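[1] Just to be clear, the model below is a prediction. Sequence and coordinates:
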Amino acid sequence: MTQANERMLEHLSRARDADDELAAALRARLREEDEPGLRSRLLRRLREVEATRAAVESRRAALSTRRSPAELGLSLATLPWRLGAAAARNAVGGALSLVLGALGLDGGGADEAALRERAAEERSLAVFAALARVARMQGDDLTEAVAGRAGASAERTLAEERAAEGSAAEAAVRSGAEAAVPEPWEGYRRMNAREVVSRLRRESDEAVAAAERYERLHGKRRTVLRAAERRLRGGGA
């Protein structure tokens, strides 16, 4: 086997490991999440990862057939050691989680699962980008296509997560702003639009402005907003 072929197999093995890690992270997150839309997205991503894993294994099998009998023998002889190394890495990861948990530095439940899934997505993106570069240099169009699709899926998933986080942050800011705006007067929320408009005629400009702001953040009743705007322009409610 050529050195280039050996290098390609090494990168494919890393890609397989990255897929395994990401699939495990996605399954762990699915066990913690119960929101239907998010679960649907996670399941879709898990199916993508499983399909990529199968494609990576197919490329590894195709390239492995080019090994000489001596190389195949060496690979089989070192298999127990390589499996032991993988188990050791997993054990270290598990031990680290226990230590962080004991120190109160590790998250729990859905939050921890989301963080682990994000980290696995980031690793997947990096690993498949490297695989795509090696495949391009070696003229392996099939492997480059597999790596390109996997990288694009990881990029899309990370972009979706960033957008969801941004929306959640904006919603939290809006919620905080709304909670900070008090009722213009006691009992305001229990009044219907006609009652509010009638009272706006005899309220101070400050109270009318407070009502206008409150409506924009909460009820958004058009009749109240129009009446408040007319009052503030000096046209009467």
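    Received it, and whenever you're ready, just let me know what you need. Numbering: from 1, shown residues only.
[2] center of this protein, which residue is that?
    For the chain, residue 161 is the residue whose C-alpha lies nearest the centre (CA atoms, centre = their mean; 3.1 Å).
[3] Does that residue lie in a helix or a strand, and which?
    Using DSSP states H and E, residue 161 maps to helix 141-180.
[4] pLDDT averaged over that helix, what's the number?
    Mean per-residue pLDDT for helix 141-180: 79.
[5] Check which element follows that helix along the chain.
    Using DSSP H and E, the next helix or strand after helix 141-180 towards the C-terminus is helix 193-200.
[6] contacts for that next one?
    185, 188, 191, 207-208, 211, 221, 223-224, 227-228, 231, 237 (CB atoms under 8 Å, 6 or more residues apart in numbering). Yep, even glycine has a C-beta here, placed from its N, CA and C like the rest.
[7] So for that helix, what gets flagged as buried?
    196, 197, 199, 200 (16 or more other CB atoms under 10 Å).
[8] hang on, the earlier thing: min pLDDT across the contacts of helix 193-200, which one?
    When the contacts of helix 193-200 are compared by pLDDT, residue 237 scores lowest at 57.
[9] And the strands in the chain?
    Taking DSSP state E to define them, one finds no strands in the chain.
[10] any idea how far the residue of it positioned farthest from its centre is from residue 11?
    For the chain, the residue at maximal distance from the C-alpha centroid (CA atoms, centre = their mean) is residue 202, at 51.8 Å. Residue 202 sits 77 Å away from residue 11, going by CB to CB, to the nearest Å.
[11] do residue 130 as well
    6 Å.
[12] So which of these two has more stuff around it?
    The neighbour count for residue 130 versus residue 11, taken as other CB atoms under 10 Å, is higher for residue 11 (20 against 15).
[13] Now stretch 53-61: buried residues?
    For stretch 53-61, by 16+ other CB under 10 Å, it's 53, 55, 56, 59, 60.
[14] So, low pLDDT: which residues of this protein?
    Scanning the chain with the threshold set as pLDDT under 70 gives 1, 66-109, 167-181, 235-237.
[15] Tell me where it has helices.
    3-32, 36-64, 69-77, 79-102, 109-138, 141-180, 193-200, 205-217, 222-232 (DSSP state H).
[16] which of the buried residues of stretch 53-61 lies closest to residue 33?
    Of all those, residue 33 sits closest to residue 53, with 21.9 Å by CB to CB.
[17] what sits against the closest one?
    Contacts of residue 53 by CB under 8 Å, 6+ apart are 16, 19, 20, 23.
[18] quick check: domain ranges of the protein?
    The chain breaks down into these domains under automatic domain parsing: 3-173, 181-232.
[19] okay if I get the buried residues of helix 193-200 as TSV plus distance to residue 47?
    Shown next, in TSV, are these (distance: CB to CB, whole Å):
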residue	distance to residue 47
196	52
197	55
199	58
200	56
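[20] and those residues, which two are the farthest apart?
    Among the buried residues of helix 193-200, 197 and 199 lie farthest apart (CB to CB), at 7.5 Å.
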